[in-house]
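>>> Task: produce atomic coordinates for the following.
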Amino acid sequence: MKRSELFFSIFLIPVDYFMLILAGISAYFLRYTEWVRDIRPIIFDLEFNKYLEIIFIIAFFWIIIFAFFGLYNIKRKFFTKEVYRIFLGSFSSFSFVVFLIFLSRELFESRFIVLFSTLFAFLYVSLARFFVRFLEKKLFKYGIGVHKIIVIGNSKITDDLIREFSSQKKFGFEIVKRVRDFGIKTRDDIKEFIKDNKVDEIILLDTNLSRSEILRIYDFTDEYHIVFKYVSDLLGTKVLKTEVQEILGVPIVEVKKTRLEGWSRIIKRFFDIVLSFILIILFSPLMFFIAIIIKIDSRGPIFYLDYRSGQYNKKFLFYKFRSMVTHLCDGAGPSATKEGNKVLQELIKKNLDTRVNQPLHKIKDDPRVTRVGKILRRWSIDELPQLFNVLRGDISLVGPRPHMTMETAKYETYHKKVFTVKPGITGMAQVAGRSDLNFEEEVKLDIYYIENWSFLLDLSILFKTPLAIIRKRKVA
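Residues are numbered from 1 along each chain as shown. Below you'll find the model as predicted:
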């Protein structure tokens, strides 16, 4: 999903709202023109200011009805289909207004205004959509919003699509590489290619590839967080969710890795910003008090800063209250020391690691932890500064736990699915068993969350988090 697609989908809401207001105003003044009054004399009294107040409210509900008809979906649509949805949305909104008038004749009595407001709404919104889509296509020429694609195939369909995408910039697709199979050598070539080149999608157009090659492509796109699309009936294995889009008469199927995209992603981010801001204000006295007792308890900085792996395995600076002796902090960030990493390896050799033969480590009765640090860890208070990470957009309130870069470097291919979404302060693994779970169990829960995300699931995890903190567990 491109940022420009998100922008235009959000931009359409105020544009449509303005067009609906304009449609209502146009119908009002048309009704009061001399030639219309000669045909249909005015037998009602409707002040413009009062009418305008009504139009502002009705336009809001009109937008909601448009949303139900998918007019603010992120995915690109053909303009003819978009106009058809505008027509359905306008007709349904017209029925809604007629129903309101039926319930209360005080709203306004002019059937002419209602009818022509609907006609103008359909016309104005369609014209505005045409202009926005025209602008979007113009930006494609400058590379803005263009999907960079690797095409796999050795068929006539492959040749036709490459030719069309190359000549028709309006589709917003750019073929950056074409391969004819997906053997081991080809996979390694693509792996090197994406290190220096942006790739958004891989489209498989060859029905002659073996099942093992197809599954290899699927695993590859999963590992490197690239959208995978294919011609219908190519993938014989079960996948989470698919979406079919017709391009030049060819049904192309996109494999959905998560439900958390489009408006769901926007809503989740909005929720993160609002709630994290509120929580920062509420917990600021507690965080100030913790900062004081950390300074009193041991020498060194208040915060522990480390690099963690975020969405798409991108590195970001992670905040926590310091719970270890300053010179023995491990990790790969500003707070880490060579001595701290060395001591960690010694503790692992002494079989104190509760997660043996796993990418993550949890040291039992860690001697590096300070007196205050033990209390902070027991009640997860050391994680409060992560609210600032949420506000910054590095992580979410709910999601897979962000692990150290030195740990994620040891991940197997299927473990990397957790990078599909932003990590979170809390998640399914935390409310299910916290640090008592082994790594594989944690990954399974995180993948389940990614594939079955819903806003209600996020709320459920947030409500369960305090109970999970209170529940007795091992202190690492």
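
>>> Need the pLDDT of Thr354.
pLDDT for Thr354: 60.

>>> Repeat that for Glu106.
53.

>>> Over to Leu234?
Looking at Leu234, its pLDDT stands at 48.

>>> Give me the distance between the nearest residue to Ile74 once chain neighbours are set aside and Leu457.
Of all residues not flanking Ile74 in the chain, Gly262 sits nearest, at 3.8 Å (C-beta to C-beta, 6 or more residues apart in numbering). Just so you know, the C-beta spots here come from the backbone N, C-alpha and C atoms, and that holds for glycine as well. Going from Gly262 to Leu457 by C-beta to C-beta, to the nearest Å gives 17 Å.

>>> got it, and Leu127?
Applying C-beta to C-beta, the value for Leu127 to Leu457 is 40 Å.

>>> Between the two, which is the more surrounded one?
Ranked by neighbour count (other C-beta atoms under 10 Å), Leu127 and Leu457 place Leu457 first, with 15 against 11.

>>> The more buried one reaches Tyr449, doesn't it?
Yes. With contact defined as C-beta atoms under 8 Å, Leu457 reaches Tyr449; the gap is 7.1 Å.

>>> So Gln245, which state does it fall into?
strand (DSSP: H, G, I helix; E, B strand; the rest coil).

>>> average model confidence for the helix or strand harbouring Thr80?
Using DSSP states H and E, Thr80 sits in helix 79-103. In this model, helix 79-103 has an average pLDDT of 81.

>>> so what secondary structure elements neighbour it?
If you count contacts as 3 or more C-beta pairs under 8 Å, 6 or more residues apart in numbering; DSSP states H and E, helix 79-103 packs onto helix 48-68, helix 111-140.

>>> Over to Val227: give its phi and psi.
phi -60, psi 130 (degrees, to the nearest 10).

>>> try Pro367
Torsion angles, degrees, to the nearest 10, at Pro367: phi -70, psi -10.

>>> Kindly report the same for the one 10 residues further on.
Here is the backbone geometry of Arg377 (degrees, to the nearest 10): phi -70, psi -40.

>>> From what I see, it and Arg322 are in contact.
No. Arg377 is beyond contact range of Arg322, at 11.1 Å (criterion: C-beta under 8 Å).

>>> Between those two, tell me which one has more neighbours.
Higher neighbour count among Arg377 and Arg322: Arg322, with 24 against 21, using other C-beta under 10 Å.

>>> ok, now which ones touch the more buried one?
294, 300-304, 329, 335, 370, 373, 382 (C-beta atoms under 8 Å, 6 or more residues apart in numbering).

>>> Check this structure for its longest helix and report it.
Identified as the longest helix of the chain according to DSSP state H is helix 263-297.

>>> Remind me what that one packs against, helices and strands.
In terms of contacts (3+ C-beta pairs under 8 Å, 6+ apart), helix 263-297 is packed against helix 3-31, strand 315-321, helix 371-378, helix 386-392, strand 396-398, helix 455-470.

>>> Now that helix: average pLDDT?
Per-residue pLDDT values over helix 263-297 give a mean of 92.

>>> Now the element after it, going C-ward?
Next in sequence after helix 263-297, counting helices and strands by DSSP H and E, comes strand 303-309.

>>> and that following strand with helix 371-378, angle?
Strand 303-309 runs at 40 degrees relative to helix 371-378, counting by axes from the mean of the first three to the mean of the last three C-alpha atoms, to 10 degrees.

>>> Alpha carbons only: can I get strand 303-309 in CSV?
Provided in CSV are the C-alpha atoms of strand 303-309 (Å, rounded to 0.1, in the frame of the first residue of the first chain):
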residue,chain,number,x,y,z
PHE,A,303,16.4,5.5,30.4
TYR,A,304,17.6,2.3,28.7
LEU,A,305,17.9,2.9,24.9
ASP,A,306,18.3,0.1,22.5
TYR,A,307,17.7,-0.6,18.8
ARG,A,308,14.7,-2.9,18.1
SER,A,309,13.2,-4.4,14.9
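
>>> show me where pLDDT drops low in the stretch 201-350 of the chain?
207, 232-242, 246-249 (pLDDT under 70).

>>> can you check the stretch 51-200 of the chain too?
Residue ranges of the stretch 51-200 of the chain with pLDDT under 70: 75-77, 102-110, 170.

>>> which phi and psi does Glu254 have?
With angles defined as degrees, to the nearest 10, Glu254 sits at phi -100, psi 130.

>>> what residues are up against it?
Glu254 sits next to 227-229, 242-245 when contact means C-beta under 8 Å, 6+ apart.

>>> contact partners of the helix holding Thr80?
Outside helix 79-103, the residues that reach it (C-beta under 8 Å, 6+ apart) are 58, 61-62, 65-66, 68-71, 77, 107-109, 114-115, 117-118, 121-122, 125-126, 129-130, 133.

>>> buried sites along it?
82-83, 85-86, 88-90, 93-94, 97, 100-101 (16 or more other C-beta atoms under 10 Å).

>>> report the angle between the axes of that helix and helix 48-68?
Interaxial angle, helix 79-103 versus helix 48-68 (the same axes, to 10 degrees): 130 degrees.

>>> Tyr72 looks like it's in a helix, true?
No. Per three-state DSSP, Tyr72 lies outside any helix segment and is coil.

>>> who's in contact with it?
Tyr72 sits next to 9, 12-13, 66, 263 when contact means C-beta under 8 Å, 6+ apart.

>>> cutoff 6 Å now
Tyr72 sits next to Ser9 when contact means C-beta atoms under 6 Å, 6 or more residues apart in numbering.

>>> Could you number the chain from 7 rather than 1 from now on?
OK, 7 is where the count begins now, so the last one is Tyr78.

>>> Show me which residues of the longest helix of the chain are buried.
Buried-residue list, helix 269-303, by 16+ other C-beta under 10 Å: 271, 274, 277-278, 282, 285-286, 293, 296, 300.

>>> Stretch 64-82 now?
Across stretch 64-82, burial judged by 16+ other C-beta under 10 Å covers 64-65, 68-69, 71-72, 75, 77-78, 80, 82.

>>> Of the residues you listed, which is the nearest to Phe445?
Comparing the buried residues of stretch 64-82 against Phe445 with C-beta to C-beta places Ile80 closest, at 33.7 Å.
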